[in-house]
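[1] Fold the stuff below for me.
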Amino acid sequence: MVLKILVLWLLLCYSYSKAECLPDVQGLCIPGVTITEETEIDVTEEDLGTEIVTTTTTTVTTTTTTVTNENSGDILDGDNDYVTSKYEGDMDIDWGGQGPASIPSGNSCGQLGTDKCAMITGSGNSTSAMGVSGMGTTFINTIDISDLQIDNGGEVKYSIKVDKQDAQDRIYMHVSGFNGTTSVFSGTDILSESGVSTGYQSYNGTFDFSGVLNKIIVEVGGRDINMAVGPMFDDVTVDVFYNVINTIVTQHITTLEEIYYLNIFDPVELDFVEEVFEYNDVSMNEGEIEFVPIETPVEEITVASVELEIAEIEINLPDSEPEIVEVETEVEMEIEMEMEEIVIVEVEPEEEPIEESQEESQESEPEQPQTAQKEEDSKEKVEEEKSSEPKVSKKEKAATKIVKKIDDKARYDDASQTKTLIVMQILGNTKTFFDSQSYIQDTNVNEYLNKTIDDQYGMLFNMAQDNTIQEIIDAQY
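    You can find the predicted model right below:
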């Protein structure tokens, strides 16, 4: 029969460079490791009649979460295998898109270099395929990044070099991210607006995202207002930085069974077992139980240490003698009770109250001195008892307390026996018993060797020389 089942949950968190990365976080998380421990304690008690079995099962679940930031590299670089050479960011080939465009080279690219570059030549003013207004020409590039298996968010960083020779022209950078056909993020940066003279510039930008990302669309667009030399761009790069979260879950299960036996041990045996475990270290070695005595520090008992202990106890002992006060109180109460009995006997009525009362009054007069004398005798008795009682000194009381403090189990060991003996020597003022330097001076016994001592047997022998046996017997009386 199961008596009780107790389940206890404990949540313990340990963090090492704790990672900051909440679900659906936008952008990059802080790299680090988070270790979480969840402890489940299941306690079951089962009554089997002769014993109670308690089973404790502890399950520790450890969850280790590691957060890192990974980089895809430039996804517009053909060497990274995300795009073919046509869609690389060096703009040697037209990506394709909306409106008119050209791919000049040499000095026509201005400060972009003598290699090829891309030029916006459209003067229209419409909305691009990615939803950007003020567009005359676009270059569009769609990149599949599903191999990265991004599912915990991150950020997209781009860079682009622009040479806008006509201040009236405009150029923008647009990046969109998708999870399949679902938009994850969409951002547009106006690199150089119409009316702003910028010339040659290098631009950088960042777009944060959360969740899953497996496709990116890059659109570079703008307008050529004066139809002379339109905005030119080259060396486009796009890097995807994303969070990688690894979670490892481990479990450690331990089971402890305790058996409580009901009334099967003799009390003497239990005391013996308790003493064995109290004074020994018990261990299991290769299936065998080993008992190693516990070494306890041996107290050094000296006359000086015992005298100091007695002196400390003497200081705390009261000066009054409450026992004597109690005796006096008891004796006084006895005297009062005896006096009350005498009074009751004297006022007891008789058959002839009038005549008897006169006689009794005459007869009772000599009784009063007897009562007073009895009371005086009792007080003298109390004083004699008080004076005859032996007075116990503080030192004797302190010594008694020291002996009583000795534990029964240790009463017959060497230290306890030594302490008891020293206490007796101190009370008897013979503590020099322990002085190893003391010795007894031998006297000259030669002068006693020739002396004789008459005893009763010698006297009887001398008497027998001159008297008969009967005379010797009669001499004893």
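[2] For the closest residue to Phe233 other than its chain neighbours, which residues are in contact?
    Leaving aside its sequence neighbours, Phe233 sits nearest to Val162 (C-beta to C-beta, 6 or more residues apart in numbering; 5.0 Å). Just so you know, the C-beta spots here come from the backbone N, C-alpha and C atoms, and that holds for glycine as well. If you count contacts by C-beta atoms under 8 Å, 6 or more residues apart in numbering, Val162 has them with 171, 191-192, 198, 200-203, 231-233.
[3] try it again with 7 Å
    Taking C-beta atoms under 7 Å, 6 or more residues apart in numbering, we find Val162 in contact with 171, 191-192, 201, 203, 231, 233.
[4] Could you give the bridge partners of it?
    The residues paired with Val162 through beta bridges, assigned by DSSP bridges, are Gln201, Phe233.
[5] again, but for Val292
    Going by DSSP bridges, Val292 forms beta bridges with Asp281.
[6] how deep is it tucked in, by neighbour count?
    By other C-beta atoms under 10 Å, the residues close to Val292 number 9.
[7] How about Thr36?
    Other residues within reach of Thr36, judged by other C-beta under 10 Å, total 16.
[8] just the contacts of Val162 now: which is nearest Phe241?
    Closest approach between these and Phe241, by C-beta to C-beta: Tyr203, at 18.2 Å.
[9] pLDDT wise, what is the closest one at?
    Reported pLDDT at Tyr203 in the predicted model: 97.
[10] which helices and strands does the helix or strand where it lies pack with?
    With secondary structure defined by DSSP states H and E, Tyr203 is part of strand 199-209. On a contact count with 3 or more C-beta pairs under 7 Å, 6 or more residues apart in numbering; DSSP states H and E, strand 199-209 meets strand 154-164, strand 170-179, strand 182-192.
[11] List the contacts of it.
    Strand 199-209 is touched from outside by 26-27, 110-111, 153-164, 173, 175, 177, 184-185, 187, 189, 191, with contacts defined as C-beta under 7 Å, 6+ apart.
[12] Export the helices and strands packed on strand 199-209 as a markdown table, with columns for distance to Cys117.
    Written out in a markdown table, the entries for the helices and strands packed on strand 199-209 read as follows (distance: least, C-beta to C-beta, whole Å):
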| stretch | distance to Cys117 |
| --- | --- |
| strand 154-164 | 8 |
| strand 170-179 | 12 |
| strand 182-192 | 15 |
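[13] Look at Leu28 and say how many residues are nearby.
    With other C-beta under 10 Å as criterion, Leu28 counts 20.
[14] contacting residues around it?
    Residues touching Leu28, when contacts are defined by C-beta under 7 Å, 6+ apart, comprise 69, 154-155, 241, 243.
[15] Drop anything exposed from the residues you listed.
    For those, a neighbour count by 16 or more other C-beta atoms under 10 Å gives the buried set as 154-155, 241, 243.
[16] could these go into JSON lines alongside distance to Ala118 and pLDDT?
    Conversion of the buried ones among the contacts of Leu28 to JSON lines gives the following (distance: C-beta to C-beta, whole Å; pLDDT from 0 to 100):
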{"residue": "Gly154", "distance to Ala118": "28", "pLDDT": "95"}
{"residue": "Glu155", "distance to Ala118": "25", "pLDDT": "96"}
{"residue": "Phe241", "distance to Ala118": "26", "pLDDT": "97"}
{"residue": "Asn243", "distance to Ala118": "33", "pLDDT": "95"}
